[in-house]
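have a look; sequence and predicted model below, questions after that.
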Amino acid sequence: MDHPRLLRSLIMSSMLLSSLAVSDNRIDLSGPWRLRLDPGNTGIKNQWFNEPLDDQVQLPGTLDTNQKGTPNTDEPELKIENLKHLT
């Protein structure tokens with residue numbers, strides 16, 4: 001019996017089946033989403049989860065593109081220190 005060949009076939013079959021399973025699990029999150037910003041970090045304490053959310057954003061998007069919250073004014077920096085975590 002050719003064990004390396006059998007092992008290779010099992011590995012390839014497993015990879016094929018797992019890739020098929022992953023592709024079927026996508027969920028489209030685009031569209032309008034309700035939100036409530038919590039800058040004071042009091043939402044859980046005040047049980048906001050029991051109240052309707054009073055604002056909305058569109059996904060895909062960011063708080064900046066939806067003009068919510070404090071605008072991000074940081075300038076991007078491409079320095080070696082900022083990229084070290086990528087390696």
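All right, it came through fine.

quick one: the host helix or strand of V57 to chain centroid distance?
Element membership for V57 (DSSP states H and E) is strand 55-59. Distance of strand 55-59 from the chain centroid (Cα atoms, centre = their mean, to the nearest Å) equals 16 Å.

quick one: buried residues of that strand?
V57 (16 or more other Cβ atoms under 10 Å). For glycine as for every other residue, the C-beta is placed from the backbone atoms N, C-alpha and C.

cool, stretch 43-59 as well?
Counting neighbours by 16+ other Cβ under 10 Å, stretch 43-59 gives V57 as buried.

quick one: mean pLDDT for that stretch?
Stretch 43-59 comes out with an average pLDDT of 94.

what is the end-to-end distance of it?
End-to-end distance of stretch 43-59 (Cα to Cα, to the nearest Å): 22 Å.

same check on stretch 15-33?
35 Å.

average pLDDT for that stretch?
According to the model, stretch 15-33 has a mean pLDDT of 77.

where do the helices sit along this protein?
3-23, 80-83 (DSSP state H).

format those as JSON lines; extra columns: mean neighbour count.
As requested, these are exported to JSON lines (neighbours: other Cβ atoms under 10 Å):
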{"stretch": "helix 3-23", "mean neighbour count": "9"}
{"stretch": "helix 80-83", "mean neighbour count": "8"}
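
CSV for the ones you listed, including distance to N50?
Output for these, formatted as CSV (distance: least, Cβ to Cβ, whole Å):
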stretch, distance to N50
helix 3-23, 36
helix 80-83, 41
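
nearest to G43, of those helices?
helix 80-83 (31.2 Å; Cβ to Cβ).
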